[in-house]
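Q: what shape does this take:
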Amino acid sequence: MNSSRAERVPLATQKTGGADVDYWDPEDEKFWESTGKRIANRNLWISIPALYCGFAVWAMWGIISVQMLNLGFPFTKEQLFTLTAISGLSGATMRIPSSFFIRLAGGRNTIFLTTAMLLTPVIGTGIALQHQDLPLWVFQLLALWSGVGGGNFASSMSNINPFFPKRLQGTALGLNAGLGNFGVTATQIFIPLFMTVGLFGAIGGEPMTLVKDSGWLFGKIPAGAPTYIQNAGFVGILILVPVSIAAWFGMNNLRSVSPQTGVVASFSKITWLYTLAFIPAIVGLYLYLPAPTGLGLINAWFLVPFDIVMALLIMKLAAFGPMKENVAKQFAIFSNKHTWAMTALYVVTFGSFIGFSLALPLAITVIFGDKHILDAATGVWTHVKNPAAPSALTYAWIGPFVGAAARPFGGWISDKLGGSIVTQAVSAVMAVASVATGYVMFLAFHSETPEQYFLVFMLLFSSLFLASGVGNGSTFRSVGHIFNREQAGPVLGWTSAVAAYGSFVAPTMIGGQIHAGTPENAMYGFAVFYAVCLVINWWFYLRPNAYVKNP
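A: Numbering: from 1, shown residues only. Below you'll find the model as predicted:
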């Protein structure tokens, strides 16, 4: 199933300059060393900050919603937490069309436009957050729009993959994803910091006053302190503008991957497909979310497959002209059994990473924020505020930081050892660590001094992030080894789209089990899934008669 060598083109007719590159064969060592390496590396080092921006915008509502609560916005805790769910589901849905953008529109065109698009939700968020009297739907609409940042991962990975020879794809994709993922960590560290200062002077608006204690990396911020919550949106302008400019002038479209790269047509395709992707996200959320936002008719387990199927169906029916033929070619990946195997394995890695990133602050706040006291006579648990509770805003960034930092290493070690053997080790570690984490959560949730378990809890959760980060790199490497160049990019996009629903499923599962008083059951459930994926990985890629030996 490996790709064949690109058709040879006489040196005199090779075009590798300008925005559109006609000839590309990174497997040709002479071409790679003389021309390819320089172009590929330039595109990679512009792609990384663009992806960083996408993750930062996608993840910002987890921090914003907490701070809106601390500032006394007139919404309930449950209503504010819908903002994170909306952004998470929207970002996952946006990845489905995004996985097709590179072939339809070209890498340079796609990365520029999808990065520049993020200016709309960040500016809109900065303006809206200055007005506490705005209705909830305004913030929910902005959270939905922020999902574009989550969707950009699929096109980013699809774009970088064909630039590099197979022997370097694990490292390149690991760097792109790993360093790009630091956008999640940066959001959790820097947004609380930027909220403490008048970063934009008079044009940035007036501060609001905290009505509850808040926090940041170095400790608590007391009630009564001034807070510039609008900076959570406005600060994005400072990086989005220069990165968008760099993408336009520094990146390339590979004509061998993207035959049609006309700017107007490309921008129209991207805008059209992203607009269509909002439809299943809006319909699904309306059916899922409780009143007054929605109808509350379906649960999370029905919502995710409903959203995926509806998004694919809309894409297939709404494509027109040459775009229809290209979309049909991309849909060919669904007839390949390896697409489904790698989708499950990528859910283990990235699905866990993004899901745990959003669930960890909730777990710290609820499990360790209260003392849990059992009345022996009645058997009833009471929960009172724990004065020794750790601050979620002080510690929650550690896990995503560890996971993002491990991604490049995962790609590098997989280039050396083979992607599937690294994925096997990662899945085993995650199964064991998930059981252990669940047991510690059980102990803390049934303790009058839960803080005594916090260090072990953080170490175990960090091990889950570490393994998921390494596994991200290994699955990238496996896709490049298993699929040909035409299918590898769309498969990377598709698997990342499905895995991104972890941003919705993991917080929902953990939050639901915490509400039921059994947080450990969520982690035990994850461990069962990891164990099943151990078998899938072995059967497809490691057993003696595997479909594709990797290694």
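Q: which helix or strand contains the closest residue to A531 other than its chain neighbours?
A: Counting by CB to CB, 6 or more residues apart in numbering, A431 is the residue found nearest to A531 once chain neighbours are left out, at 5.0 Å. For glycine as for every other residue, the C-beta is placed from the backbone atoms N, C-alpha and C. Using DSSP states H and E, A431 maps to helix 419-445.
Q: give me the below-cutoff pLDDT ranges for this structure.
A: 1-18, 319-323, 326, 374-376, 378-381, 485, 550-551 (pLDDT under 70).
Q: tell me where it has strands.
A: Assigned by DSSP state E, the strands in the chain fall at 20-21, 208-209, 214-216, 219-221, 226-227, 253-254, 370-375, 380-385.
Q: most tightly surrounded among those?
A: strand 253-254 (a mean of 26; mean count of other CB atoms under 10 Å).
Q: in the stretch 351-500 of the chain, which spans are helices?
A: Along the stretch 351-500 of the chain, counting by DSSP state H, counting those that start in this stretch, helices occupy 352-369, 392-395, 398-417, 419-445, 454-482, 485-500.
Q: what helices and strands are in contact with the last one?
A: In terms of contacts (3 or more CB pairs under 8 Å, 6 or more residues apart in numbering; DSSP states H and E), helix 485-500 is packed against helix 77-98, helix 101-105, helix 136-160, helix 337-346, helix 454-482.
Q: what's the answer for the fifth one, then?
A: Judged by 3+ CB pairs under 8 Å, 6+ apart, helix 454-482 is in contact with helix 166-194, helix 337-346, helix 352-369, helix 398-417, helix 419-445, helix 485-500.
Q: can you give me the angle the third one makes with helix 454-482?
A: In this case it means helix 352-369. 170 degrees (axes from the mean of the first three to the mean of the last three CA atoms, to 10 degrees).
Q: ok, now the shortest one?
A: Our comparison of helix 337-346 with helix 454-482, counting by the same axes, to 10 degrees, yields an angle of 160 degrees.
Q: in helix 337-346, what counts as buried?
A: Buried residues in helix 337-346, counted by 16 or more other CB atoms under 10 Å: 338-346.
Q: ok, the fourth one next?
A: With burial defined by 16+ other CB under 10 Å, the residues of helix 398-417 counted as buried are 398-415.
Q: just the fifth one next, same as before
A: For helix 419-445, burial by neighbour count (16+ other CB under 10 Å) applies to 419-427, 429-445.
Q: correct me, but I63 touches I189?
A: No. I63 is beyond contact range of I189, at 9.6 Å (criterion: CB atoms under 8 Å).
Q: neighbour count: the two, which is higher?
A: More crowded of I63 and I189, by other CB atoms under 10 Å: I63, with 23 against 19.
Q: show me what contacts the residue lying closest to the more buried one once chain neighbours are set aside?
A: Using CB to CB, 6+ apart and skipping residues adjacent in sequence, the residue nearest I63 is I191, 4.7 Å away. Residues in contact with I191 (CB atoms under 8 Å, 6 or more residues apart in numbering) are 60, 63-64, 231-232, 235.
Q: identify, from these, the entry nearest to S474.
A: Nearest to S474, judged by CB to CB, of the contacts of I191 is M60 at 28.9 Å.
Q: let me know whether the closest one touches A232 as I believe.
A: Yes. With contact defined as CB under 8 Å, M60 counts as touching A232 (5.8 Å).
Q: okay if I get the helices of the stretch 351-500 of the chain as a markdown table plus distance to E206?
A: Shown next, in a markdown table, are the helices of the stretch 351-500 of the chain (distance: least, CB to CB, whole Å):
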| stretch | distance to E206 |
| --- | --- |
| helix 352-369 | 28 |
| helix 392-395 | 23 |
| helix 398-417 | 32 |
| helix 419-445 | 41 |
| helix 454-482 | 37 |
| helix 485-500 | 36 |
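Q: pull the number of nearby residues for F164.
A: Burial measure for F164: 24 neighbouring residues, criterion other CB under 10 Å.
Q: I figured it hits A40, correct?
A: Yes. Between F164 and A40 there is a contact under CB under 8 Å: 5.5 Å.
Q: what is in contact with the two at once?
A: In contact with both F164 and A40: 26, 172, using CB under 8 Å, 6+ apart.
Q: domains in the protein, as residue ranges please.
A: Per automatic domain parsing, the structural domains of the chain span 19-329, 336-551.
Q: F454 contacts F368, correct?
A: Yes. Look at F454 against F368 with CB under 8 Å: they come within range, at 5.6 Å.
Q: which one of the two is surrounded by more residues?
A: Remark: of F454 and F368, F368 carries more neighbours, 27 against 18, as counted by other CB under 10 Å.
Q: what is the burial count for the closest residue to the more buried one other than its chain neighbours?
A: Nearest in space to F368, with sequence neighbours left out and distances taken as CB to CB, 6+ apart, is P450 at 4.9 Å. Per other CB under 10 Å, the neighbour tally for P450 reads 24.
Q: hmm, P450 is touching A444, no?
A: Yes. Contact criterion CB under 8 Å: P450 and A444 qualify, at 4.0 Å.
Q: quick check: neighbours shared by those two?
A: Jointly contacting P450 and A444 under the rule CB under 8 Å, 6+ apart are 367-368.
Q: give me the contact list for stretch 93-100.
A: Outside of stretch 93-100, the residues within contact range by CB under 8 Å, 6+ apart are 114, 147-148, 150-155, 158, 273-274, 276-278, 280-281, 284, 307-308, 311-312, 315, 326-327, 330, 489-490, 492-494, 496-497, 500.
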